[in-house]
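*Asks:* starting from these lines, generate the structure:
(2 chains)
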Amino acid sequence: MSPQELSHHQAAADDRTLFGFWIYLMTDLLMFAVLFAVYAVLHNNTFGGETGRELFKLPLALAETLILLTSSFTCGIGMIAARRGNKNQVLIWFGITFILGLAFLGLELAEFSSLISEGHTLHSNAFMSSFFVLLGTHGLHISAGLLWMGTTLGYIMKRGLNNSMVRKLTMLSLFWHFLDIVWIFIFTIVYLRAFV
Amino acid sequence: MKEFLIGNLTWSSLPHEWFTIGGTVAFLFLALIVVVVLTRMKRWKWLWNEWLTSVDPKKIGIMYFIVGGAMLLRGGLDALMMWLQQALSVGASHGYLSSDHFQQIFTAHGNIMVFFVAMALIFGLINYIVPLQIGARDLASPLMNTLGFWLFIGGVIMVNMFFIFGGQYAATGWLAVQPLASKAFSPGVGVDYWVWSLMISGIGTTLGAINFIMTILKMRAPGMSLMKMPLFTWGSLFSMIMAVTIFPLLTATLFLVYFDRALGTHFFTTLGGGDPMMYTNLIWMWGHPEVYVLILPAFGVFSEVVSTFSRKPIASYKSAVFGMLGVSSLALSVWLHHFFTMGASADINAFFGLMTMIIAVPTSVLVFNWIATLYKGRIRFETPMLWFLGFVGIFAIGGISGVMLAVPPADFQFHNSLFLVAHFHSTVIGGVLFGIFCAITYWFPKFTGFKLNEKIGKYAFGCWIVGFCLSFIPMYILGFMGASRRLDHYDASTGWQPLFIMMFVGGLVIALGVILQLAQMLASIIQKNRVNGDPWDGRTLEWATPSPPQFYNFTTIPQVTSRDAYLDMKQQGLAEPAYEDIHMPKSTAVGIYISAFATLASFGFVWNIKWLIVASIIGIIVTFIIRGFNEDSEYTLTADEVRKLEEARTKKIRDAAAHQQNVEDLSIWDLVKVIYAFAMDVLKNKRWKRA
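*Replies:* Below you'll find the model as predicted:
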């Protein structure tokens, strides 16, 4: 098989993989849809406990939102660099994305631990259960994304920026933007709604 | 320390009731036989290299069939046990099972039949046939396919795990009704086994479904536009689209159930503001479309079979496609009919009742389509066609009783009665299972190169039909008389016993049918009535390959010009063989490793063994990373190698044809004689001593 045919074969395979990844993202979105629906049904069932208005700190949530949005932006810049094949730029921009992701995760964990230390845990009531599970699932996805980003960047440092790495970065960036969109819904439905 | 090592697992949880011990012994005995045979024949390496690690969808399909078939026997045994209990347990007699045991059996029966029989066999069919029908050499992601298969195996292991490590299976119905399945009311590990077996096999299904959507939409042979796809491929496509839509709901819901049980959350509990009714909604949003996931490929099978055996193109291809589209989209908005009695408002009940009745319309379109195809066709009444005719009758009964159940006021009477059980068995056995039997008979020559024995097959079919009517028509009547489902004891004054006995007898007749099917397989293997690639005068591309196909399916990717692609090719004369370089995926054991870790993690979750959970999850992540950055997953077969393989194959077929006499199908009596002669030969010549 000539190199030309081979690259054609590879391009078709890449196209399929990307398409499959989109379908996967839709399935993941449906999992979140369940958790959102559950939250929507249960958010008033505080069983005598505090409501969201009393518990949530809006500035903190806003800070998390801005951090995640910025990380989405730097991730986008990183992808432009990846398409141009600029390895250093990729490392820098995705590095920033990685740090912002970590910061987001840190803030989220801080919020969780302060809630838990005040005695608002998974067990408290249905509202708290659905809150922790919805946000926890998102946080788990962010952690998975960070793990993925970390290993990919490690491999790029070692092996350089080849086509297969660009393909992986493309999917990673899709995943990252997807999590951003989910977070915007969390910010709206969980936090903003509590103060309406 | 002990709790750290083995969590909640204790000696007392090991199997100690007669039925679990029986299961344990049976399972260990089977495993022992397999190990001994493989070691004796020195086949371990062959098994690992050629089958277990294979990414060839044809081999994975066969493995699905084997496991699904074995599970069919296991689930069928459950059914017989239930029927026997119901036949005996009247008045003063309480039968031979405790109520708790009876509950575990009907739960396991439901789970096994839906997840590990129907899904397995449907996935097996799609794996084997779809790539061939669309003219592809493999799947879009071979790795995802083997991973999906092995996760399914993990689910099979988890659902049978209590036989080995004890505890019990869930006693909460196949969908674990809440709040019964919460920790407060079901403290044992049964529900956890239920959660984790469905969880990992469900994730496997999602992966498999994503893969088939990619494959069907992106890998069709040139010229095969969507409206030229064979109808089985259409059915599979709709089915897989539904699967990716609903299986995430199942996964999320199962996680919530597990959190309620293990972490003390309040999603579906009665305390703390939880809402058990929300569970009922969520699980049926998955559960109802799930049966359509199963039936759509079966509809596809019937379309292929009717058209081939009437020697006519399908009557109205477009209306068949739109019928399937209608079924699959309406199926997503009918779930509430499972709980009309739960107390939703009359408007909501009316909406879902109407949607449920409307879904009968596209289904009927399909049925009329098949009947119209028969009209003026030159029909051949071979076994696949018989299964189709059996399907039409039984499925129609199931469909009509379904419309009766869809009327909310009437449903208040039928709800939870045996009438309902009879209804869904009519659709699932008549539709899905008969569809699978039809497909296996139809494509068996494709899988093996020889036809299934027609003589014994017809008897097997007869037993199934008679057995089905004997066991399920009384069930409809009992439902009308007020017998509720999941009944392990009833009063003598009800006068139900004769009908229950009739159901048990019907079950025995079905069991005879299954035995005959096994005999049919055996007889077919003995007689080996070799066929060329195309025994039924097929119309679609899968028959363009030799039987069984080479691992790369096609030497050159065919050009498609019409719906009946292969029929056209035959009429225009087959092209001279040409050869080209072929890229094939390498075998990989990654699916096995990841699934093994996932199964171990599930076991850890069930028994609360924390180190096992952590270690297994790390194992999964590491395997993913190693595989993710492995660039070397394909190899190239040069045109020359392909030519050699093809020539060797042609020679083999020619040699076989030369030695072929026209074998007549063995009758049952012939088969018994052959087996007897073989057994005597073994005994006399003491064959087991050498070897």
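*Asks:* quick one, what contacts the residue of chain A found nearest chain B?
*Replies:* In chain A, no residue comes nearer to chain B than residue A:45, which is 3.0 Å away by C-beta to the nearest C-beta. Glycine gets a C-beta too; all of them are placed from N, C-alpha and C. Residues near residue A:45 by C-beta atoms under 8 Å, 6 or more residues apart in numbering or on different chains: A:125, A:126, A:127, B:266, B:272, B:273, B:274, B:275.
*Asks:* by neighbour count, which of those residues wins?
*Replies:* residue A:126 (28 neighbours; other C-beta atoms under 10 Å in any protein chain shown).
*Asks:* so that one is in contact with residue B:270, correct?
*Replies:* No. Assessed by C-beta atoms under 8 Å, residue A:126 is found out of contact with residue B:270, at 11.0 Å.
*Asks:* before we move on, the earlier item: what helix or strand is the residue of chain A closest to chain B on?
*Replies:* Here residue A:45 sits in a region with no helix or strand, counting by DSSP states H and E.
*Asks:* which residue is the nearest non-sequential neighbour of it?
*Replies:* Excluding its sequence neighbours, the residue lying closest to residue A:45 (C-beta to C-beta, 6 or more residues apart in numbering or on different chains) is residue B:273, at 3.0 Å.
*Asks:* and what of residue A:12?
*Replies:* Leaving aside its chain neighbours, residue A:12 sits nearest to residue B:218 (7.8 Å; criterion: C-beta to C-beta, 6+ apart).
*Asks:* looking at the residue of chain A closest to chain B now. What's its pLDDT?
*Replies:* Model confidence at residue A:45, given as pLDDT, is 89.
*Asks:* show me which residues of chain A sit near chain B.
*Replies:* A:1, A:5, A:9, A:12, A:15-17, A:19-20, A:23-24, A:26-28, A:30-31, A:34-35, A:37-38, A:41-42, A:45-47, A:122-127, A:129-130, A:132-133, A:147, A:151, A:155, A:164, A:168 (C-beta under 8 Å from any C-beta of the partner chain).
*Asks:* how about the helices in chain A?
*Replies:* A:3-42, A:52-55, A:58-84, A:87-117, A:126-159, A:163-186, A:193-194 (DSSP state H).
*Asks:* kindly reformat those as TSV containing distance to residue B:284 and mean pLDDT.
*Replies:* Output for the helices of chain A, formatted as TSV (distance: least, C-beta to C-beta, whole Å; pLDDT from 0 to 100):
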stretch	distance to residue B:284	mean pLDDT
helix A:3-42	13	90
helix A:52-55	29	88
helix A:58-84	34	95
helix A:87-117	33	95
helix A:126-159	20	94
helix A:163-186	25	94
helix A:193-194	28	90
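*Asks:* need the ones you listed in TSV (columns: distance to residue B:339).
*Replies:* Below are the helices of chain A laid out as TSV (distance: least, C-beta to C-beta, whole Å):
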stretch	distance to residue B:339
helix A:3-42	16
helix A:52-55	30
helix A:58-84	37
helix A:87-117	35
helix A:126-159	20
helix A:163-186	29
helix A:193-194	29
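*Asks:* which stretch among the ones you listed comes nearest residue B:152?
*Replies:* helix A:3-42 (16.9 Å; C-beta to C-beta).
*Asks:* can you give me the buried ones in the closest one?
*Replies:* A:13, A:16-17, A:19-21, A:23-25, A:27-28, A:30-32, A:34-39, A:41-42 (16 or more other C-beta atoms under 10 Å in any protein chain shown).
*Asks:* and if you look at stretch A:70-82?
*Replies:* Quick answer for stretch A:70-82 (16+ other C-beta under 10 Å): A:70, A:71, A:72, A:74, A:75, A:77, A:78, A:79, A:81, A:82.
*Asks:* then stretch B:671-681?
*Replies:* residue B:671.
*Asks:* just the CA trace of that stretch, in CSV.
*Replies:* Extracted in CSV, the C-alpha atoms of stretch B:671-681 (Å, rounded to 0.1, in the frame of the first residue of the first chain):
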residue,chain,number,x,y,z
LEU,B,671,-28.9,-39.3,15.3
VAL,B,672,-29.6,-41.7,18.2
LYS,B,673,-28.1,-44.5,16.3
VAL,B,674,-25.0,-42.5,15.4
ILE,B,675,-24.5,-41.5,19.1
TYR,B,676,-25.1,-45.1,20.2
ALA,B,677,-22.6,-46.4,17.7
PHE,B,678,-20.0,-43.8,18.8
ALA,B,679,-20.5,-44.6,22.5
MET,B,680,-20.1,-48.3,21.9
ASP,B,681,-17.0,-47.7,19.8
